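**Student:** Below are the sequence and a predicted model for it; my questions follow.
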Amino acid sequence: MKVRTRFAPSPTGYLHIGGMRTALYAYLFAKQRGGDFILRLEDTDRERLVGDAAQKIYDSMKEAGLNYDEGPDVGGDYGPYIQSERRDIYLTYADKLIESGDAYYCFCTKERLDEMHASGATKYDKKCLGLPLEEAKKRVAAGEPYVIRQNVPTEGEYTFHDGVFGDVTVPYADLEDNVLIKSDGLPTYNFANVIDDHLMGITHVIRGVEYLSSTPKYDLLYRALGWEPPEYIHLQPIMRDAQHKLSKRYGAASYKDFINKGYLKDAIVNYIALLGWSPKDNTEKFNMQYMIDNFSVEGLSHSPSIFDEAKLRWLNGIYIKELSEEEFYQHALPFLERVDYLKGYDLKYLAGLLHSRCESFADVGPSECFEDMRKEDDLSVNLTEFLTAFDALTPDLFVNAKNKTDAAVAKQMLPDLIKLTEEHWDDLYPALENYAAEKGVKKGAVLWIYRIALTGATVTPGGATEMATLLGYDRALERLHKALSLLG
Ligand code: GLU
């Protein structure tokens, strides 16, 4: 039998990191077995829908390499792949369940249910199960509002097998007669997931642990309809910390948020894979093909994973280093262009200096420049801060014990350095080297003074002459003169 897995998000916004991980595992599981991976939109909760969310999900999935074989926008033999377009299908099966007594019409009003809960009831009391079917049908025909509920046994227990949790036993008494069809005629998740997974030929259901305890109810529905339930793999959640699930409120939580924060898609996907799965050899950096080859249910974590952005940064830094200079520049450019004080600089040259130091593209400027992606736990550093240091240049910055320099030495040297700059702009480094040799001072001393005078920064990505190139001839000379005048 061909393996078929699916990812079934609700189109309520950008693709969340947790959702993407579910999608990734479902994708890997299917692809490893030569199977199909399906995208289905669960949009029956009409109040939570967000206009362009579906398109955002398609885009993010494709961008991240989670190419689905079937789905709303790519078609397939098992469509429609959007639940709201499958309304009649659900109603047909709901009718069957009513006829077999596995489901029933319920006319209880909201007021009655509220009263019931207010008086301590934790679940529906099956009141409408007692109605004769003929009478219920008459009331439905007369236009009375109703829902359809599942008739769950009150006694006994059910055991099913899960790939991560092993054998799971749930007493029926813990379960409620959930609504299968709502008063608007659309199914709830509790119903639609069963009908769709069966009709779409899904062999393995991979989803969040929040559905684990309801799985017996789903299996009852499969069996009532004469179907074989799929195999289940329930995933532990991704946490922000011990108490909180990862969510928008606690910093970036969607795939797109992390793209906007300057992470590479391959690094994000790689990191997401590690949030709940580890390969046997404990490799941490890998590509999609490696994941397809090595993914295993046994490697799935049995406890929640903590999202660690510092680790994502580290991994992203490795991916960034592997980019060519040109690729790095192209990725960094939109970020560089948002930093005002970088206007007028040769951004390509600057990118070359930053490349090896960058762990996220947002490191190329102050996080304020990326306001919409800034979060209180932002870990980015500003690698171009050195370009703002010159205005705060003070004589004591020339002090360097190792090179035996200070303001006085700088004052002595700077007129020569200005001259060298004017005469040897195109070949500055050897000129500075020769100068050090002629004067009998350390090369480091000359370079230190030159770099401080140009930037006012003790730490720069690149040495003295690289700073000169970055500033350009006019700006370099202007700064050298200013530095000299500062020394009195
Ligand atoms: N729409 C559900 C969710 O987003 C799907 C769960 C499932 O995969 O069955 O959580």
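**Tutor:** Cool, got the structure.
**Student:** interface residues of the stretch 101-250 of the chain facing the ligand?
**Tutor:** Residues of the stretch 101-250 of the chain found near the ligand (C-beta under 6 Å from any ligand atom) are 189, 193, 207-208, 211. Any C-beta I mention is one placed from the backbone N, CA and C, and that applies to glycine too.
**Student:** and those residues, which of them are in helices?
**Tutor:** Using DSSP state H, the members of these that fall in helices are 189, 193.
**Student:** ranking the residues of the stretch 101-250 of the chain next to the ligand by neighbours, who comes first?
**Tutor:** Of those, residue 193 is surrounded by the most neighbours, 24 neighbours in total, counting by other C-beta atoms under 10 Å.
**Student:** How about the contacts made by it?
**Tutor:** With contacts defined as C-beta atoms under 8 Å, 6 or more residues apart in numbering, residue 193 is in contact with 8, 42, 205, 211, 218.
**Student:** Repeat that for residue 453.
**Tutor:** Taking C-beta under 8 Å, 6+ apart as the definition of contact, the neighbours of residue 453 are 393, 398, 410, 414, 417, 479-480, 483-484.
**Student:** Out of these, flag the one nearest to residue 172.
**Tutor:** Ranking the contacts of residue 453 by separation from residue 172, with C-beta to C-beta as the measure, puts residue 393 on top at 76.5 Å.
**Student:** just to revisit the earlier point, can you lay out the contacts of residue 193 as TSV showing secondary structure?
**Tutor:** Formatted as TSV, these follow (DSSP: H, G, I helix; E, B strand; the rest coil):
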residue	secondary structure
8	coil
42	coil
205	strand
211	helix
218	helix
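**Student:** Need the max-distance pair from those residues.
**Tutor:** Checking the contacts of residue 193 with C-beta to C-beta, the most distant pair is 42 and 218, at 14.1 Å.
**Student:** and those two? which has more neighbours close in?
**Tutor:** In this comparison of residue 42 against residue 218, neighbours counted by other C-beta under 10 Å, the higher total goes to residue 218 at 22 against 18.
**Student:** Now the more buried one: closest residue in space, sequence neighbours ignored.
**Tutor:** Distance criterion C-beta to C-beta, 6 or more residues apart in numbering; nearest residue to residue 218, sequence neighbours excluded, is residue 194 at 5.0 Å.
**Student:** my read: the one you found touches residue 222, true?
**Tutor:** Yes - in this structure, residue 194 sits in contact with residue 222. The criterion is C-beta atoms under 8 Å, and the distance is 6.0 Å.
**Student:** These two: which has the busier surroundings?
**Tutor:** Each of residue 194 and residue 222 has its neighbours counted (other C-beta under 10 Å); residue 194 has more, 27 against 16.
**Student:** quick one: contacts for whichever residue of the chain sits closest to the ligand?
**Tutor:** Among all residues of the chain, residue 207 sits closest to the ligand, at 3.3 Å; criterion: C-beta to the nearest ligand atom. Contacts of residue 207 were listed using C-beta under 8 Å, 6+ apart, and they are 8, 22, 233-235.
**Student:** let's see 7 Å
**Tutor:** With contact set as C-beta atoms under 7 Å, 6 or more residues apart in numbering, residue 207 has these partners: 22, 234-235.
**Student:** mind checking pLDDT for it?
**Tutor:** The pLDDT attached to residue 207 in the predicted structure is 98.
**Student:** One more: residue 370?
**Tutor:** Reading off the confidence values, residue 370 has pLDDT 86.
**Student:** Tell me how far it lies from residue 128.
**Tutor:** Applying C-beta to C-beta, to the nearest Å, one obtains 55 Å for the distance of residue 370 from residue 128.
**Student:** now residue 328
**Tutor:** Residue 328 sits 65 Å away from residue 128, taking C-beta to C-beta as the criterion.
**Student:** Repeat that for residue 44.
**Tutor:** Counting by C-beta to C-beta, the gap between residue 44 and residue 128 amounts to 22 Å.
**Student:** Which one of the two is surrounded by more residues?
**Tutor:** Neighbours around residue 44 and residue 128, counted as other C-beta under 10 Å, are more numerous at residue 44. The numbers are 24 against 19.
**Student:** what's the burial count for the nearest residue to that one once chain neighbours are set aside?
**Tutor:** Closest residue to residue 44 apart from its sequence neighbours, by C-beta to C-beta, 6+ apart: residue 186 at 4.4 Å. Residues contacting residue 186 under the criterion other C-beta under 10 Å number 19.
**Student:** do residue 469 as well
**Tutor:** The tally of other residues near residue 469 (other C-beta under 10 Å) stands at 17.
**Student:** Show me where the stretch 201-350 of the chain has its helices.
**Tutor:** 215-224, 255-260, 265-274, 288-294, 309-321, 325-336, 347-354 (DSSP state H, counting those that start in this stretch).
**Student:** So which of the ones you listed is nearest residue 178?
**Tutor:** For the helices of the stretch 201-350 of the chain, distance to residue 178 was read as C-beta to C-beta. The smallest value, 6.5 Å, belongs to helix 215-224.
**Student:** Show the contacting residues for the closest residue in space to residue 223 that isn't next to it in sequence.
**Tutor:** When the adjacent residues along the chain are set aside, residue 223 lies closest to residue 229, with 7.5 Å between them (C-beta to C-beta, 6+ apart). Remark: with contacts taken as C-beta under 7 Å, 6+ apart, residue 229 is in contact with 218-219, 222.
**Student:** Could I get those in TSV, plus columns for pLDDT and distance to residue 282?
**Tutor:** Output for the contacts of residue 229, formatted as TSV (pLDDT from 0 to 100; distance: C-beta to C-beta, whole Å):
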residue	pLDDT	distance to residue 282
218	98	35
219	98	36
222	98	38
